[in-house]
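A.B. asks: what follows is a protein structure lacking sequence information:
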Ligand code: CNA
């Protein structure tokens, strides 16, 4: 009697298993999903890393609770903490990391279907990832709008106000101006929802990097690929229990957790794919 065993999706639950899968399939529709962890090497703190994360350094603002700094209702009443923080984090001073260039490399190799980022630091654009491949799920600092008359402002205007320690107010109606980054309680950009359904039908490998996967609806993107689609997570600490990741459990035949720095993980993956020198060259063009 022939007993057919279920096909193991990955030959090995490791980076080598992922590399073998990419080659064998061959993968053409990789989706990447990232958070603040891919930008810490650029000098931008993340939210939740103990000690260095933004949430651990908010005492000076006297907030009722840390998330208040990114809540619309709180911002309307007390914009000062957000703008003080913004002056430290303002895009323009930072350069993309190796992880950003790894994603650009995937695009150059013709295997990147889409890059979903929670980051608002613009480093994807600086790394040259094309607009078409990019979903800035939590918006961007590059445009701002008046909360009263909706007049639009560009980045240079906003930057001038912030650098002069002014709370930006509309030149037409004097209402508060807010950058187009998504605060808690606001809808994500339409493009996020437009692309999400078809992208995750086509996705043949999901790579997640540098995110605590605590923020919804972004985190649940990780649940969207089919059960046949491997998921590689590269992060400093294990995360993802809240979204049914199978890492390390006996039933797992598709999820790989690589614990460590994402720049190192990207270089390792590139090396194993034979693209290590390409990644180093791409980084050198910056
Ligand atoms: P988070 O909740 O702070 O999680 C970051 C994760 O990355 C943590 O699990 C860290 O352990 C991990 N991490 C940190 N450094 C590295 C590294 N070098 N290599 C590998 N892993 C690392 O941040 P999330 O992005 O998950 O949370 C979502 C928020 C953070 C989004 O709304 C962002 O807008 C917001 N944010 C963005 C930026 C930015 O644009 N650079 C900075 C800070 C916060």
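C.D. replies: The structure has been received and is ready for your questions. The shown structure was predicted, so the numbers you read here are calculated from the model rather than taken from an experiment.

A.B. asks: the helix or strand of the chain with the lowest mean pLDDT - contacts with which helices or strands?
C.D. replies: Comparing every helix and strand of the chain by mean pLDDT, DSSP states H and E singles out helix 80-89 as the least confident one, with a mean of 86. Judged by 3 or more C-beta pairs under 8 Å, 6 or more residues apart in numbering; DSSP states H and E, the packing partners of helix 80-89 are helix 155-163. Placement of C-beta: from N, CA and C, glycine included.

A.B. asks: now do 10 Å
C.D. replies: For helix 80-89, the packing partners by 3 or more C-beta pairs under 10 Å, 6 or more residues apart in numbering; DSSP states H and E come out as helix 72-77, helix 155-163, strand 177-181.

A.B. asks: do the first one and the ligand meet?
C.D. replies: No. Between helix 72-77 and the ligand, judged by C-beta under 6 Å from any ligand atom, nothing touches; the nearest distance is 13.6 Å.

A.B. asks: packing partners of that helix?
C.D. replies: By 3+ C-beta pairs under 10 Å, 6+ apart, helix 72-77 packs against helix 80-89, strand 177-181.

A.B. asks: tell me the most buried of these?
C.D. replies: Per residue and on average, the most neighbours among those fall to strand 177-181, with a mean of 21 (mean count of other C-beta atoms under 10 Å).

A.B. asks: show me what secondary structure element comes after that strand.
C.D. replies: helix 190-202 (DSSP states H and E).

A.B. asks: now do the buried residues in that next one.
C.D. replies: 192, 196, 199-200 (16 or more other C-beta atoms under 10 Å).

A.B. asks: can you check stretch 106-126 too?
C.D. replies: Going by 16+ other C-beta under 10 Å, stretch 106-126 has these buried residues: 106-107, 111-126.

A.B. asks: what does the stretch 151-286 of the chain have sitting close to the ligand?
C.D. replies: Residues of the stretch 151-286 of the chain lying close to the ligand (C-beta under 6 Å from any ligand atom) are 210-212, 214-215, 235-237, 239, 261-262.

A.B. asks: which of the residues you listed fall in strands?
C.D. replies: residue 235 (DSSP state E).

A.B. asks: please name the bridge partners of residue 255.
C.D. replies: Beta-bridge partners for residue 255, by DSSP bridges, are residue 231.

A.B. asks: you'd agree it is up against residue 238?
C.D. replies: No. Shown here, residue 255 and residue 238 do not form a contact pair, counting by C-beta atoms under 10 Å, at 11.5 Å.

A.B. asks: look at these two and report which has more neighbours.
C.D. replies: residue 255 (22 against 12; other C-beta atoms under 10 Å).

A.B. asks: report the separation between the more buried one and the ligand.
C.D. replies: 16 Å (C-beta to the nearest ligand atom, to the nearest Å).

A.B. asks: per-residue pLDDT, that residue?
C.D. replies: At residue 255, the model reports a pLDDT of 91.

A.B. asks: what are the ranges of the helices in the protein?
C.D. replies: For the chain, the helices defined by DSSP state H occupy 15-24, 72-77, 80-89, 98-108, 123-126, 155-163, 190-202, 262-273, 276-284.

A.B. asks: by mean pLDDT, show me the worst of those.
C.D. replies: Mean pLDDT across the helices of the chain is lowest at helix 80-89; the value there is a mean of 86.

A.B. asks: quick check: the nearest residue to residue 16 once chain neighbours are set aside vs residue 202, distance?
C.D. replies: Of all residues not flanking residue 16 in the chain, residue 272 sits nearest, at 6.8 Å (C-beta to C-beta, 6 or more residues apart in numbering). Separation of residue 272 from residue 202 (C-beta to C-beta, to the nearest Å) stands at 24 Å.

A.B. asks: and if you look at residue 263?
C.D. replies: Applying C-beta to C-beta, the value for residue 263 to residue 202 is 28 Å.

A.B. asks: now swap in residue 168 and tell me
C.D. replies: Using C-beta to C-beta, we find residue 168 at a distance of 40 Å from residue 202.
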